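In: Fold the stuff below for me.
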Amino acid sequence: MKLLQKIPQPTICAVEGLATAAGCQLVASCDMVIASSLASFQTPGAATIGLFCHTPAVPLVRCVGMKQAMDMLYTGRALSANEALTHGLVSRLAKDAQKEAAKVAKELATERSAAVLKMGKDTFYQQTSCGNIEDAYAVASPAMVKNMELYDAAHGIDSFLKKEKPEFQDK
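Out: Model prediction:
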């Protein structure tokens, strides 16, 4: 699960049913989660088999916060898709989560700069692991300057000003 943050491309999870235990951990570990209204999310270990969901708890608490995570971990209560969206476990809801995830993946792969996405993802996870806001800005500020030095940033700004669609070179 830790490797999902290290993949240079954004990771997108589509959920149309129950994501339980390690499935819920996978959901919480991905960059984006698209769920149908039929999706639900659960960490039932302590409540059902006497095995606390220790490792699913790691990414879960970082998505939903301490109180919601503890509720899920202690009671095994499943969150509906709407609750998961409200608590930050899900990015968006879609009638057909698979189709929407494929659409988003295609958009990111064909209409965004891979170099910019990689840099953004790396910086995002570095700064969110910082203990305070000053340290987070110490990570993010130089990354912003470095991003401005990329060809794709200059090209993207130029295209925006000309009201044209950019054609990124991934550099």
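In: And for residue 53, the neighbour number?
Out: Using other CB atoms under 10 Å, residue 53 has 23 neighbouring residues. Quick note: C-beta positions are derived from backbone N, CA and C, even for glycine.
In: what about whatever helix or strand residue 105 lives in, average pLDDT?
Out: Per DSSP states H and E, residue 105 falls inside helix 97-111. Per-residue pLDDT values across helix 97-111 average out to 95.
In: can you check stretch 66-84 too?
Out: 94.
In: just checking, next helix/strand downstream of the helix holding residue 105?
Out: Tracing the chain C-terminally past helix 97-111 and defining elements by DSSP H and E, one meets helix 114-128 next.
In: chain center to the worst-scoring helix or strand of the chain on mean pLDDT: distance?
Out: In the chain, no helix or strand scores lower on mean pLDDT, DSSP states H and E than helix 45-48, which sits at a mean of 79. Averaged C-alpha coordinates place helix 45-48 at 26 Å from its chain's average position (CA atoms, centre = their mean, to the nearest Å).
In: and that helix, what does it pack onto?
Out: helix 66-75 (3 or more CB pairs under 8 Å, 6 or more residues apart in numbering; DSSP states H and E).
In: following the helix it packs on, which helix or strand comes up?
Out: Reading on from helix 66-75 to the C-terminus, the next helix or strand found by DSSP H and E is strand 79-80.
In: Look at the spatially most central residue of the chain and report its pLDDT.
Out: Ranked by distance to the mean C-alpha position of the chain (CA atoms, centre = their mean), the top residue is residue 31 at 1.9 Å. At residue 31 the predicted local confidence, pLDDT, stands at 97.
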